[in-house]
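**Q** The following block contains a protein sequence and its predicted model.
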Amino acid sequence: MERVIPILRASARIFAPSPELSFVTTSISTAFLFKDSIIPPTYLVGRLLFPTVVTDSAALERIFQNSQLYWTLVRPPQLTDTSFTGKYRVRLGHLPRFGFKIARADVADYFIKAASDNTLVRKIVGVSN
């Protein structure tokens, strides 16, 4: 992660939107950063079992938030290799309640939709089964 952060900072400067350029970045983060999630208790579990992941993910998100980019961060819970269902829930700023898992294919589907949704610019979105 130490090598990635300077690259992201440089990218944020290079691709910062201007009146002539509209640039949208959609990135995937971790559900561990939802501090208000009680069921599942993602932040608590993340801090206890994966402290480096939580620290690095928080740093990555701060870079996006402090940039001039148009971004959307998608935070899924545990990713599975199950088939695409097209049935998932999203919640702005939070992990959907009782959202424990989601298929990678469903996250990819939402990722594409989020990238073209202007209402999600500079927002964090939780997505789960």
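**A** Right, received. Where do you want to start? Keep in mind the model is a prediction, meaning the values are calculated, not measured.
**Q** CA atoms for contacts and neighbours, from now on please.
**A** Noted.
**Q** Which other helices and strands does the helix or strand containing residue 74 contact?
**A** Element membership for residue 74 (DSSP states H and E) is strand 70-75. Counting contacts by 3 or more C-alpha pairs under 8 Å, 6 or more residues apart in numbering; DSSP states H and E, strand 70-75 is packed against strand 24-28, helix 104-115, strand 123-128.
**Q** highest average neighbour count across these?
**A** For the helices and strands packed on strand 70-75, average neighbour numbers computed from mean count of other C-alpha atoms under 10 Å are highest in strand 123-128, which has a mean of 22.
**Q** which residues does residue 103 contact?
**A** By C-alpha atoms under 8 Å, 6 or more residues apart in numbering, residue 103 lies in contact with 79, 80, 81, 82, 83, 84, 85, 129.
**Q** hey, what's it bridged with?
**A** In this entry, residue 103 is beta-bridged to residue 80, by DSSP bridges.
**Q** mind checking how far it is from residue 44?
**A** As judged by C-alpha to C-alpha, to the nearest Å, residue 103 and residue 44 stand 23 Å apart.
**Q** which residues sit in contact with the nearest residue to residue 65 once chain neighbours are set aside?
**A** Computed as C-alpha to C-alpha, 6 or more residues apart in numbering, the closest residue to residue 65 that is not its neighbour in sequence is residue 122, at 7.3 Å. Residue 122 sits next to 65, 70, 71, 72, 73 when contact means C-alpha under 8 Å, 6+ apart.
**Q** Report how many residues lie close to residue 116.
**A** For residue 116, the count of nearby residues is 12 (other C-alpha atoms under 10 Å).
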